[in-house]
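Trainee: I'll drop the sequence and a predicted model, then ask my questions.
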Amino acid sequence: MRRTRWMLRAGSGGAFVCVLLLGTPTVASADPDDGLSETSRTRYEVDGVGPVRVTVTTTIRNEQPAGAQYFYYWDEYGILLPAGAADLSATSDGAALEVTVEPTEDPSTSAARVSFPPLNYGRERTVEWAYTIPGEPIRSEGYTRVGPGYATFAVNAAGDPGQVVVEIVVPTSMDFDSTWDGFTPILEGETRTHRAADSTDDYGTWAFVSLRDPDQAEMTTVEVGGTELVLESFPGDTEWSGFVAEQVTAGLPLLERSVGMPWPGDLERIREDVSPGVLGYAWFDSAASEVVIPEDLDAELLFHELSHAWLDGESFEDRWLYEGLAEVVGKSVAAEIGGPAEPSPAPARDATDALPLTAWEEVDVDDGADAVEEYAYAAAGAAMSELVGGLDGEALGALVAAAHAGESAYDEPGTLDHPGRTDGRRFLDLVELRGGVAEAEATYRTWVADAAELALLDARAPARAAYVVLDEADGAWLPPAGLRAAMTDWAFEDAEAARQEIGADAAASAGRVQQAADAAGLPDPAAVRDQYESAESAEEYAALVTVLPRAAEVVGEVGDAMVSASGGGPFAGLGRGLLDVDGAVDGARAALDDGRLDDASRAAGDASSRAAVAPWLGAGAVVLVLGALGGGLVVLLRRRRRRAVSAVEAAVPVAPSNGGHGRSADVDTDEGPQ
């Protein structure tokens with residue numbers, strides 16, 4: 001929701017007092033006790049087509065008795081009416097009265113006055129007024145609008161408390177909004193009368209009303225990134241629908257980047273309406289899936305309201321957060337599309353209606369709260385601009401997305417170890433720790449903090465300093481969860497107690513574990529890191545005192561085993577394979593990562609022992625293999641030699657041993673005739 005340029009204007013009709021002084025001069029004032037009784041009945045008739053017709057019946061009675069030296073009488077009376085009112089007439093006792101119209105201090109109203117013979121004590125007079133409200137052109141300086149299916153105007157009815165009746169008669173097809181909730185709807189066939197018999201103050205009734213017939217709106221559609229939006233404009237106002245379509249098409253992707261999140265898709269309609277001008281603010285209505293903005297071609301206002309698709313009271317605890325963020329985001333997107341715009345002036349922090357923004361809550365705007373609303377909107381924009389206005393688009397998107405998700409600045413980005421709806425305290429932490437805005441606390445002190453939070457801020461500075469010392473000592477690991485929770489909640493006494501229980505030695509030991517892992521070429525042992533980061537009780541803090549030094553020692557042992565398993569000469573690889581040294585090292589690393597430190601130590605020792613004998617075992621294995629290969633070669637050579645000798649012997653004839661003729665049994669001979 002954002003304030004619009006049309007501000008609520010207070011005013012009422014009143015009597016014009018004429019006093020005849022006899023004797024000593026006396027000054028009389030026109031107040032409810034001035035002796036003039038005023039009763040009025042004002043009726044507004046709206047048909048949704050032509051001008052609004054207004055009739056006012058006023059009855060005044062002189063109840064001021066004469067004094068010893070003077071008496072009162074009235075010979076003039078007037079009412080307030082919208083500037084531009086037409087067809088004005090007044091009658092009394094059946095006779096037409098001459099009416100004069102004069103401007104007032106408020107350029108949106110005029111004063112109509114009639115005169116008549118003196119109204120003396122005890123006498124009364126009824127004046128019947130009639131006029132029409134034709135309305136003013138769209139986007140003109142005035143704020144009265146009357147057109148096909150819409151109307152907005154100010155209700156002015158003067159009278160004493162309990163003596164003022166206002167009736168606004170409208171077709172049942174028209175929606176009704178007002179700055180005052182004193183109207184009661186009464187259904188009468190095809191019309192509905194909104195009636196009020198109470199007064200807004202001692203002088204009568206003043207309120208803005210807005211009427212709209214949804215069926216008479218003109219509708220166009222625009223599609224952006226797969227999202228189809230319906231644009232509802234006043235009949236014939238193509239300038240507004242064209243402007244909105246162009247802005248949404250160009251700006252929605254930039255808006256997504258600025259908040260670091262995709263479009264949530266719960267918007268169906270952007271509606272042009274006079275109600276924002278009446279109520280003093282535009283709005284995003286998630287229940288109706290619509291954004292309602294006035295006729296102004298205001299890109300900042302449009303993107304302010306669109307950003308409320310993410311930035312609302314469901315995700316943010318404090319009103320100044322989502323309104324201030326919407327203002328910064330809206331200005332940023334509008335400037336990127338249309339060029340730099342003039343920054344909004346910051347209000348005076350010591351203004352009469354100033355308040356610490358932490359005390360700003362959703363209220364029904366009335367005469368008493370309007371000035372506060374004006375200040376708070378401006379202050380929220382100024383504060384948020386100082387906090388995040390200097391961040392680039394990517395950094396701003398990451399910060400807004402983290403705040404929307406309810407992250408704690410003390411947790412790893414993207415995680416929800418300590419989730420919660422973001423309030424001013426959590427947001428300040430995010431701006432400082434994630435956004436790196438050094439002057440954030442000074443801004444928070446100036447615009448946001450009340451007395452209680454100022455005291456907390458005094459305690460926050462030393463607590464933050466001590467936290468940083470511990471966080472630097474424990475290296476890249478997060479401090480224990482119990483400490484982070486206390487810092488997130490601004491429970492600084494609890495944070496101090498947690499730091500004492502954790503102790504400087506535990507944080508330093510956590511750092512040494514990481515140093516040992518880095519030296520060994522190992523990742524940080526996951527289970528040990530988790531045990532440190534998740535600790536949140538005195539018992540868990542105490543366990544870290546023994547676990548962390550032991551972990552650093554075992555990391556070194558596993559690192560030594562890895563080194564042993566990687567050297568040892570040419571025969572070591574064979575020996576390591578035979579002894580499964582790599583398997584032993586892997587077992588040690590797995591046990592270390594699981595936090596089974598004793599198992600990891602034994603496995604590392606076993607791996608180192610195996611690695612020590614691996615070269616000898618490898619060399620012996622080679623000798624055995626070579627010996628086996630050599631013996632086989634000798635046998636083979638002998639077998640080949642025997643085969644060669646046998647072949648030679650078979651090829652040479654052998655003489656018979658008896659000296660007679662003979663032949664070898666293996667040789668065939670041919671015998672001829674003898």
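Mentor: That came through fine.

Trainee: residue ranges of each domain in this protein, please.
Mentor: The record's domain parsing of the chain by automatic domain parsing lists 2-215, 218-310, 512-615.

Trainee: save those domains as TSV, and put in distance to residue 427 and mean pLDDT too.
Mentor: Any C-beta I mention is one placed from the backbone N, CA and C, and that applies to glycine too. Formatted as TSV, the domains of the chain follow (distance: least, CB to CB, whole Å; pLDDT from 0 to 100):
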stretch	distance to residue 427	mean pLDDT
domain 2-215	19	84
domain 218-310	14	91
domain 512-615	24	84
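
Trainee: mind putting the ones you listed in a markdown table, distance to residue 423 included?
Mentor: Rendered in a markdown table, the data for those read as follows (distance: least, CB to CB, whole Å):
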| stretch | distance to residue 423 |
| --- | --- |
| domain 2-215 | 21 |
| domain 218-310 | 17 |
| domain 512-615 | 22 |
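
Trainee: pipe those into a markdown table and attach mean neighbour count and distance to residue 445 per row.
Mentor: Written out in a markdown table, the entries for the domains of the chain read as follows (neighbours: other CB atoms under 10 Å; distance: least, CB to CB, whole Å):
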| stretch | mean neighbour count | distance to residue 445 |
| --- | --- | --- |
| domain 2-215 | 17 | 25 |
| domain 218-310 | 19 | 26 |
| domain 512-615 | 19 | 31 |
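
Trainee: how about those domains, which one is nearest residue 351?
Mentor: Closest to residue 351 of these is domain 2-215 (CB to CB; 15.5 Å).

Trainee: so how far is the helix or strand harbouring residue 40 off the chain centroid?
Mentor: Per DSSP states H and E: residue 40 is located in strand 36-45. Here strand 36-45 shows a centroid-to-chain-centroid distance of 48 Å under the convention CA atoms, centre = their mean, to the nearest Å.

Trainee: with stretch 177-184 instead?
Mentor: Counting by CA atoms, centre = their mean, stretch 177-184 is centred 32 Å from the centre of its parent chain.

Trainee: and that stretch, how far apart are its ends?
Mentor: This stretch, stretch 177-184, spans 12 Å end to end (CA to CA, to the nearest Å).

Trainee: counting neighbours, which bits of stretch 314-321 end up buried?
Mentor: Within stretch 314-321, the residues that qualify as buried by neighbour count (16 or more other CB atoms under 10 Å) are 315-321.

Trainee: could you dump the residues you listed into TSV and include pLDDT, secondary structure and distance to residue 557?
Mentor: As requested, those are arranged in TSV below (pLDDT from 0 to 100; DSSP: H, G, I helix; E, B strand; the rest coil; distance: CB to CB, whole Å):
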residue	pLDDT	secondary structure	distance to residue 557
315	93	coil	49
316	97	strand	51
317	96	coil	50
318	97	coil	52
319	96	helix	58
320	97	helix	56
321	98	helix	51
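
Trainee: max pairwise distance over these: which two?
Mentor: So for these, where distance means CB to CB, the most widely separated pair is 315 and 320, at 14.1 Å.

Trainee: bridged to residue 146, which residues?
Mentor: The residues listed as beta-bridge partners of residue 146 by DSSP bridges are residue 151.

Trainee: ok, it - contacts?
Mentor: With contacts defined as CB atoms under 8 Å, 6 or more residues apart in numbering, the neighbours of residue 146 are 50-52, 133-135, 152-153.

Trainee: swap the cut-off to 7 Å and go again
Mentor: Taking CB atoms under 7 Å, 6 or more residues apart in numbering as the definition of contact, the neighbours of residue 146 are 51-52, 133-135.

Trainee: now swap in residue 231 and tell me
Mentor: Applying CB under 7 Å, 6+ apart, the residues contacting residue 231 are 219-220, 222, 241, 244-245, 270.

Trainee: residue 196 against residue 205, yeah?
Mentor: Yes - the criterion here is CB atoms under 7 Å, and residue 196 meets it with residue 205 at 6.3 Å.

Trainee: overlap in contacts, these two.
Mentor: residue 166.

Trainee: can you tell me how far residue 164 is from residue 157?
Mentor: Look at residue 164 and residue 157: by CB to CB, to the nearest Å, they are 5 Å apart.

Trainee: would you confirm that residue 391 belongs to a helix?
Mentor: No - when DSSP: H, G, I helix; E, B strand; the rest coil is applied, residue 391 is found to be coil, with no helix at that position.
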